[in-house]
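J.: After the sequence you'll find the predicted model.
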Amino acid sequence: MNVIDTKNAPGAIGPYSQAFEVSGLVITSGQIPVDPADGSVPEGIAAQAEQSCKNVGAILTAAGSSFEKVVKTTCFLADMGDFAAFNEVYAKFFTSKPARSCVAVRALPKGVLCEIEAIAEK
């Protein structure tokens, strides 16, 4: 197993890693929409979905993978009313249409609106 760590995505805010590579797979932790450059969180679901996707992408790149190799995502929304707007942004990044679960949760870290985790081939 290899720990994946990149400065191009936010560092872990708890006792976990950004991702692990094991048996040819990259498994990311959930990525919230924190800008790794300055720790800011953009306003609105579209901007937050975009930043979360960029964070996932940075981790995939650091692991030698890419969006095209993602086989499964799990998406968490603070409000299922944001589903359509979230999907619009998500579809721009995950063009291969990996398997996905998308659920509403009561709250997310830092009060953000979305979080995305992914499993990809290396």
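T.: Sure thing, it's come through. Residues are numbered from 1 along each chain as shown.

J.: Mean confidence (pLDDT) on the host helix or strand of E50, please.
T.: When elements are assigned from DSSP states H and E, E50 belongs to helix 45-62. Helix 45-62 shows a mean pLDDT of 98.

J.: Okay, helices next: where are they in this structure?
T.: Ranges of helices in the chain, per DSSP state H, are 45-62, 83-93.

J.: Could you single out the most deeply buried of those helices?
T.: helix 45-62 (a mean of 22; mean count of other C-beta atoms under 10 Å). Every residue, glycine included, has its C-beta placed from N, CA and C.

J.: which other helices and strands contact it?
T.: For helix 45-62, the elements it packs on are strand 25-28, helix 83-93, strand 114-121, judged by 3 or more C-beta pairs under 8 Å, 6 or more residues apart in numbering; DSSP states H and E.

J.: got the end-to-end distance for stretch 35-46?
T.: By C-alpha to C-alpha, to the nearest Å, the extent of stretch 35-46 from end to end equals 14 Å.

J.: What separation is there between I27 and A19?
T.: I27 sits at a distance of 6 Å from A19 (criterion: C-beta to C-beta, to the nearest Å).

J.: Between the two, tell me which one has more neighbours.
T.: A19 (28 against 19; other C-beta atoms under 10 Å).

J.: Beta-bridge partners for the more buried one, please?
T.: I4, T28 (DSSP bridges).

J.: ok, it touching T61?
T.: No: at 11.0 Å, A19 does not count as touching T61 under the criterion of C-beta atoms under 8 Å.
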